[in-house]
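Student: sequence plus predicted model, see below.
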Amino acid sequence: PAPPRPPPQEREPPAPPPILVPEVGREEENRQKHDTEAKIEGAEKIVHQIDEETLAEEQQEIFLTVLSFLSKAREALSIGDFLKAFNLAEKAQILAEALLSTPR
């Protein structure tokens, strides 16, 4: 008979990878932060023009995606990941503009 196997060792889950943010000077960081905040505000202005009640079901799903992108953009902004925040806000703005211009 084969010898009994030792019990499996418990392993700690691997640590999450670090967030990579390019290092930039203070002036460039301020510019990126300002541009990102402006992009988020622009997207939010468009969102406020959309009457969610008049959206078709598919459009409502897109609207929720827009809100999710904005939430994630604000989160990325709060930790200083301006590039990610800007990109998310830009996606939100593009989708929101499409919703605003699409007939319901």
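Tutor: Here it is on my side, so go on. Remember, it's a predicted structure, so these values are computed and weren't measured experimentally. Numbers count the residues shown, from 1 in each chain.
Student: and Arg5, which of the three is it?
Tutor: coil (DSSP: H, G, I helix; E, B strand; the rest coil).
Student: and for it, the neighbour number?
Tutor: 6 (other C-beta atoms under 10 Å). For the C-beta atoms, the positions are set from N, CA and C on the backbone; glycine is no exception.
Student: low-scoring stretches of the chain, by residue?
Tutor: Within the chain, the segments meeting pLDDT under 70 span 1, 6-8, 19-24, 103-104.
Student: which residue is nearest the middle of the protein?
Tutor: Taking C-alpha atoms, centre = their mean, the centroid of the chain lies closest to Lys72, which sits 3.1 Å from it.
Student: how about that residue: what's its closest non-neighbour residue?
Tutor: Nearest residue to Lys72, sequence neighbours excluded (C-beta to C-beta, 6 or more residues apart in numbering): Leu88, at 5.1 Å.
Student: thinking again about what came up before, so the residue nearest to the centre of the chain versus Ser78, what's the distance?
Tutor: For Lys72, the distance to Ser78 equals 11 Å [C-beta to C-beta, to the nearest Å].
Student: which residues sit against the helix or strand encompassing Glu41?
Tutor: In the assignment (DSSP states H and E), Glu41 maps to helix 26-49. Here helix 26-49 makes contact (C-beta atoms under 8 Å, 6 or more residues apart in numbering) with 24, 63, 66-67, 69-70, 73-74, 77, 80, 82-83, 85-86, 89-90, 92-93, 96-97, 100.
Student: and if we set it to 7 Å?
Tutor: 24, 66, 70, 73-74, 77, 82, 85-86, 89-90, 92-93, 96-97, 100 (C-beta atoms under 7 Å, 6 or more residues apart in numbering).
Student: for that helix, buried residues please.
Tutor: Buried residues in helix 26-49, counted by 16 or more other C-beta atoms under 10 Å: Gln32, Thr36, Glu37, Lys39, Ile40, Gly42, Ala43, Glu44, Ile46, Val47.
Student: for those, which one is nearest Gln59?
Tutor: Val47 (12.8 Å; C-beta to C-beta).
Student: about what we covered before: closest to Glu52 out of the contacts of helix 26-49?
Tutor: Within these, proximity to Glu52 (C-beta to C-beta) peaks at Val66, which comes in at 10.4 Å.
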